[in-house]
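Need coordinates for the following:
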Amino acid sequence: QVQLVESGGGLVQVGGSLRLACEVSGGTFRRFALGWFRQAPGKGREFVAAINWSGDRTYYADSVKGRLTISRDDAKNTLYLQMNSLEAGDTAAYFCAAGWGPRVVRGLTQDEYEFWGQGTQVTVSS
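As a prediction, the model looks like this:
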């Protein structure tokens with residue numbers, strides 16, 4: 001049973017930073033493509049960032065390019081999202097996702113992922 005557990009969310013002021021983590025258990029971590037999605041109140045879930053199974057390709061939503069950085073540590077079975085220069089529009093619940101690497105094209109869409117975490121809340125105050 002593959003499980004994903006997010007941590008690191010919280011309340012931060014505009015311009016501040018947070019680092020989210022997603023620990024994956026129950027599967028072969030290095031074979032997973034991984035992604036972050038977010039959902040703001042009253043809105044649908046949207047793509048934030050993705051990293052392929054080998055860690056040499058990353059993809060970002062235009063709204064977060066240059067501010068958020070996705071990375072993975074295969075030794076710790078953990079996915080990260082470093083969030084800098086946070087804006088009020090970044091307020092959302094953040095979800096990590098894992099998909100079988102060879103089947104994931106770029107990881108920009110939810111249907112490419114089989115496994116999801118429960119989410120961690122990020123609130124950016126002005």
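
Without its sequence neighbours, what residue ends up closest to the residue nearest the centre of the chain?
In the chain, the residue lying closest to the centroid (CA atoms, centre = their mean) is Trp36, at 2.2 Å. With CB to CB, 6 or more residues apart in numbering as the criterion, Trp36 has its nearest non-adjacent residue at 4.3 Å, and that residue is Val48. Bear in mind the C-beta positions are built from the backbone N, C-alpha and C, glycine included.

Quick check: the one you found vs Ser25, distance?
Distance of Val48 to Ser25, given as CB to CB, to the nearest Å: 22 Å.

quick one: which of these two has more around it?
When Val48 and Ser25 are compared for neighbours, Val48 comes out ahead with 25 against 11, by other CB atoms under 10 Å.

How about the helix or strand harbouring that one, which residues are buried there?
According to DSSP states H and E, Val48 maps onto strand 45-51. For strand 45-51, burial by neighbour count (16 or more other CB atoms under 10 Å) applies to Arg45, Phe47, Val48, Ala49, Ala50, Ile51.
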